[in-house]
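Chemist: kindly generate the corresponding structure for this input.
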Amino acid sequence: MSAVTAVEVLLLGLTGYFGVSTLATWILALMSRNEVERLKTHTPQKLPPQPEITVLVPACNEESVIVSSVRALLRLDYSNLKIMIINDGSKDGTLHLLSQAFQLRNETFSARTRISPLLPRSMFRSAMDPRLIVLDKQNSGKADSINCALQFVESEFFAISDADTQWSPQGLTHLVAGLDVVRGHVIAVGGVVGLANAQENLLTRLQVSEYQRAFFVGRLCWNSQNAVPLISGAAGLYRTNPAVQVGGIPVGSLTEDLEFTLKLHAFGKTHIPDYRILFIEKTVCFTHAPQTWKVLIEQRARWQRGLLWCMTSSPKFLTTSTPFIWFLEVMSAPMEWLAFFLVLLALASASIPFSSAGMILLVSFLIGVANSVLAMWVSYPLKEHNPRRLLAGGILELFGYRQILSWVRFRSMWTAFRSRPPSWRAHLIQPDAKVRKNR
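Modeler: Coordinates of the predicted model:
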């Protein structure tokens, strides 16, 4: 077979891949739209009681936002609530400001279990609002800070929040309502994460459409198969006992929320026959997206390595959604760049005319627009988002933004596979503190 023929065959194969991946995306979007309609029309047989929830907030050097964040959490429209702040060895005035603002008093709590090698140095309760508890510990990173606090959680459910996360007033109420949406023993409920700084600059605006596709096309559709692959740590409600049984949040993981969700799936399959992990269509909180290319590239490279780790580390992590994640997430970046390289090679060898190359690029562009329209179509019944803005962002991201991030993902995979040991396992020896930001 000549080189020219080989290029043509590869281009034909890639065309088939992109055709199948587009069809798969449309099928998932249809499943997601059906799920949105089902959740909208669902009427609970009875209003669920408000179970006690403990919100865990790890904080390291967060003096600029910690007081306002705690006050906002205490104002949430949810009556049966505790707030547990974990001061992760802050070197600034985080603990001092908390003590002044909320009149902290020393108090002793008993650990219910041991899933962290560390115990707090000091423990406090607010004299102004007894719902607020503060743990002070040496620095060990976000995941271990959560596990340290989880040892003292007495409530049936807990949620996780970053210090700068802005919760919707009804956020916890929406998550609790999700417990009644399906039959079975729900061990985790996730919701949509909005971007608090969506209008900060062009880069943050472009991420809005990306987030909408991830939530409304990539997660909602898996409710019916009980295969939701990811509950974002900033927008999830977890049942405490299963979380403790799996050892808490994976320490040192590059993508601890993804790995934690998959560990809960594995636990549920073997210990809870009717377990469910659910995703709801409500926006429950807002986080801050990266505002610079440097931070965004570091975040996406880390996410890709973490995805590789979770998809290859254990057969126990397999769910119905795993083949789709491989096909649509893991393989998409190398396939896109292989197609780009082959088109350039074909043009250089004159094996295809410029008109054909232009047609390939046009079809690629139209597929990208169609996928953005799908996300808009799925989320439109919720009336929470501006359709024109979503569509504009989905089109603009096709001019450089998507290609850059695709290259970042491809380079991250290439580096990972070439390294010995594979660098997606590098988090096993890296301090978790180095990867705690920009989630």
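
Chemist: near Thr41, how many other residues are there?
Modeler: 7 (other CB atoms under 10 Å). C-beta coordinates here come from the backbone N, C-alpha and C atoms, glycine included.

Chemist: ditto for Leu23
Modeler: 10.

Chemist: so it is in which element?
Modeler: helix 3-41 (DSSP states H and E).

Chemist: what of Phe158?
Modeler: strand 157-160.

Chemist: the following helix or strand past that strand packs against which elements?
Modeler: Next along the chain after strand 157-160, taking DSSP H and E as the criterion, comes strand 166-167. Where contact means 3 or more CB pairs under 8 Å, 6 or more residues apart in numbering; DSSP states H and E, strand 166-167 is packed against helix 66-74, strand 275-287.

Chemist: what strands line up against the last one, and which way round?
Modeler: In this case it means strand 275-287. According to DSSP bridges, strand 275-287 forms sheet pairs with strand 166-167 (antiparallel), strand 185-195 (parallel).

Chemist: tabulate the CA atom coordinates of the last one in CSV.
Modeler: Going back to what we said before, that points to strand 185-195. Taking Å, rounded to 0.1, in the frame of the first residue of the first chain, the C-alpha atoms of strand 185-195 are listed here in CSV:
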residue,chain,number,x,y,z
HIS,A,185,-30.8,4.0,48.1
VAL,A,186,-29.3,7.3,46.9
ILE,A,187,-25.7,7.6,48.1
ALA,A,188,-24.7,10.7,46.2
VAL,A,189,-26.5,13.6,44.4
GLY,A,190,-24.8,16.1,42.2
GLY,A,191,-25.9,19.3,40.6
VAL,A,192,-24.8,21.9,38.0
VAL,A,193,-21.9,24.2,38.9
GLY,A,194,-22.2,27.7,37.5
LEU,A,195,-19.3,30.1,36.9
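
Chemist: and that strand, average pLDDT?
Modeler: Averaged across strand 185-195, the pLDDT comes to 93.

Chemist: could you do the shortest one as well?
Modeler: Confidence over strand 166-167, taken as the mean pLDDT, stands at 92.

Chemist: just name the most buried of the helices and strands packed on strand 166-167.
Modeler: strand 275-287 (a mean of 23; mean count of other CB atoms under 10 Å).

Chemist: next, the angle from that one to helix 3-41.
Modeler: Angle of strand 275-287 versus helix 3-41, following axes from the mean of the first three to the mean of the last three CA atoms, to 10 degrees, is 90 degrees.

Chemist: average pLDDT for strand 275-287?
Modeler: Rounded mean pLDDT across strand 275-287 is 91.

Chemist: which is the next helix or strand following that strand?
Modeler: Next along the chain from strand 275-287, counting by DSSP H and E, comes helix 293-312.

Chemist: for Ala346, which of the helices and strands packed on strand 166-167 is the nearest?
Modeler: Between Ala346 and those, the shortest separation by CB to CB is 41.8 Å, and it involves strand 275-287.

Chemist: one step back: mind putting the helices and strands packed on strand 166-167 into a markdown table with distance to Asp129?
Modeler: Compiled in a markdown table, the helices and strands packed on strand 166-167 are given as follows (distance: least, CB to CB, whole Å):
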| stretch | distance to Asp129 |
| --- | --- |
| helix 66-74 | 6 |
| strand 275-287 | 21 |
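
Chemist: for the stretch 251-400 of the chain, what are the low-confidence residue spans?
Modeler: Confidence mapping of the stretch 251-400 of the chain against pLDDT under 70 gives the ranges 314-316, 350-361, 379-387.

Chemist: what segments of it are helices?
Modeler: Under the criterion DSSP state H, counting those that start in this stretch, the stretch 251-400 of the chain carries helices at the ranges 256-271, 293-312, 322-325, 332-348, 354-379, 387-396.

Chemist: tell me the most buried of the ones you listed?
Modeler: For those, the highest mean count by mean count of other CB under 10 Å goes to helix 256-271, at a mean of 21.

Chemist: which helices and strands does it pack with?
Modeler: strand 185-195, helix 240-245, strand 275-287, helix 293-312.

Chemist: and that helix, how far from the chain's centre?
Modeler: On the basis of CA atoms, centre = their mean, to the nearest Å, helix 256-271 sits 14 Å off its chain's mean C-alpha point.

Chemist: picking up where we left off before, now do the buried residues in the helix holding Leu23.
Modeler: By 16 or more other CB atoms under 10 Å, the buried positions in helix 3-41 come out as 7-8, 10-11, 14, 17-18, 21-22, 25, 28-29, 31-33, 35-36, 39.

Chemist: just to revisit the earlier point, of all the strands paired with strand 275-287, which one comes closest to Phe410?
Modeler: Closest of the strands paired with strand 275-287 to Phe410 is strand 185-195, at 25.1 Å (criterion: CB to CB).

Chemist: quick one: that closest one to helix 256-271, angle?
Modeler: Angle of strand 185-195 versus helix 256-271, following the same axes, to 10 degrees, is 170 degrees.

Chemist: show me what counts as buried in strand 185-195.
Modeler: Val186, Ile187, Ala188, Val189, Gly190, Gly191, Val192, Val193, Gly194, Leu195.

Chemist: find the nearest non-adjacent residue to the fifth one, please.
Modeler: Which is Gly190. With CB to CB, 6 or more residues apart in numbering as the criterion, Gly190 has its nearest non-adjacent residue at 3.5 Å, and that residue is Ile231.

Chemist: outside of stretch 123-141, which residues touch it?
Modeler: 60, 70, 74, 81-89, 95, 98-99, 102-109, 116, 118-122, 145, 148-149, 152, 251-252, 431-433, 436 (CB atoms under 8 Å, 6 or more residues apart in numbering).

Chemist: what's the end-to-end length of that stretch?
Modeler: Terminal residues of stretch 123-141 lie 18 Å apart, using CA to CA, to the nearest Å.

Chemist: quick check, Ile86 in a strand?
Modeler: Yes: assigned with DSSP: H, G, I helix; E, B strand; the rest coil, Ile86 falls within a strand.
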